[in-house]
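Enquirer: Pasted the sequence and its predicted model underneath.
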Amino acid sequence: MIEVKNVTKTYFINRKTKCTAIDDVSLVLPDSGMVFIIGKSGSGKSTLLNLIGGLDNTTSGTILADGNEITTFDQRLLTKYRSSYIGFIFQDYHVLNSFTLLQNINLALDITNSSDDQKVEEILKVVDLTEYKDRYPSELSGGQKQRIAVARALVKDAPVILCDEPTGNLDSKTSQQILDLLKEISKDKLVVVVSHNMVEANNYADRIIELYDGKVVRDRRRSVNYSNNFKIEDNIIYIPHYRDLTEN
Ligand code: ADP
Ligand code: MG
């Protein structure tokens with residue numbers, strides 16, 4: 001569980017001008033499910049994600065991960081937190097071009113000092129990349145590169161996956177494949193997706209948190225578990241309206 005308590009992040013643009021990117025935000029994020037953070041450009045989405053992921057320090061307030069106050073961690077603990085607790089997925093993939101697909105995935109394990117060839121093979125299957133494992137990123141599509149990022153997050157068994165506009169560079173069909181994969185993963189991990197695509201959020205989110213000027217202005221959860229919500233009567237499948245989200 002991630003708890004964000006009264007977190008503010010202020011950037012100094014110069015000595016006189018400051019920008020409050022996150023303004024007294026409090027949130028509790030569960031251990032599983034797909035949570036979208038939406039809002040227009042500049043609303044603080046990436047800042048919030050980076051604070052949760054320990055990539056940036058809060059100006060005030062606290063963030064707890066499973067009860068541990070990460071906002072008090074020293075560099076060593078922060079590195080450990082980022083490498084073992086959090087999996088990051090970025091819009092521009094962050095894969096290393098001089099390494100093969102397999103080497104890119106193994107790098108994640110080198111950082112956590114673990115190695116498990118069988119696990120890597122299993123994860124390659126999950127992300128459907130087995131036959132590409134010896135290719136270099138330049139020989140892969142955007143969707144395949146993003147699946148490397150997903151594999152990297154999975155292989156180290158991080159309980160939390162943070163995604164910053166993961167489909168921002170992908171066409172709609174490939175975006176859907178990545179989101180389907182993340183949705184599957186969110187059955188037993190927390191997947192947080194920053195997006196400005198409302199259609200994606202409406203189709204995939206269990207919860208949608210909306211930011212405006214660094215503040216949470218709306219927080220909605222899906223009222224029903226949609227996987228249990230199909231109804232078949234007289235050979236007609238009734239599909240629920242996924243857009244029904246309820247205000248918190
Ligand atoms: P979003 O991801 O929603 O587009 P960001 O979190 O990137 O928004 O940015 C929120 C606000 O903080 C913006 O006004 C942005 O200009 C500012 N900001 C973000 N990072 C920095 C930085 N390193 N230095 C100064 N201002 C920043
Ligand atoms: Mg951003």
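Expert: Sure thing, it's come through. Ligands and ions are numbered 1, 2, ... in the order given.
Enquirer: Who are the packing partners of the helix or strand hosting residue 201?
Expert: Using DSSP states H and E, residue 201 sits within helix 198-204. Applying 3 or more CB pairs under 8 Å, 6 or more residues apart in numbering; DSSP states H and E, we find helix 198-204 packed against strand 33-38, helix 172-185, strand 190-195. Backbone N, C-alpha and C define where each C-beta goes, glycine included.
Enquirer: if you average pLDDT over it, what comes out?
Expert: Helix 198-204 shows a mean pLDDT of 93 in the predicted model.
Enquirer: Same question for it: list its buried residues.
Expert: 200-202, 204 (16 or more other CB atoms under 10 Å).
Enquirer: Can you add distance to residue 122 and give those residues back as a markdown table?
Expert: Shown next, in a markdown table, are those (distance: CB to CB, whole Å):
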| residue | distance to residue 122 |
| --- | --- |
| 200 | 28 |
| 201 | 30 |
| 202 | 32 |
| 204 | 24 |
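Enquirer: that older thread, quickly compare the helices and strands packed on helix 198-204 and say which is most buried.
Expert: For the helices and strands packed on helix 198-204, the largest average neighbour count (mean count of other CB atoms under 10 Å) is found in strand 190-195, namely a mean of 26.
Enquirer: Show me what it is packed against.
Expert: strand 33-38, helix 45-52, strand 160-164, helix 172-185, helix 198-204.
Enquirer: out of the ones you listed, which comes closest to residue 121?
Expert: Relative to residue 121, the nearest member of those by CB to CB is helix 172-185, separated by 17.2 Å.
Enquirer: which helices and strands does the closest one pack with?
Expert: helix 142-155, strand 160-164, strand 190-195, helix 198-204.
Enquirer: The second one pairs with which strands?
Expert: Meaning strand 160-164. In the sheet, strand 160-164 lines up against strand 86-90 (parallel), strand 190-195 (parallel) (DSSP bridges).
Enquirer: so which of the buried residues of helix 198-204 would you say is closest to ligand 1?
Expert: residue 201 (13.8 Å; CB to the nearest ligand atom).
Enquirer: Pretty sure that closest one sits against residue 38.
Expert: Yes: using CB atoms under 8 Å, residue 201 is in contact with residue 38, at 5.3 Å.
Enquirer: Many thanks, have a good one.
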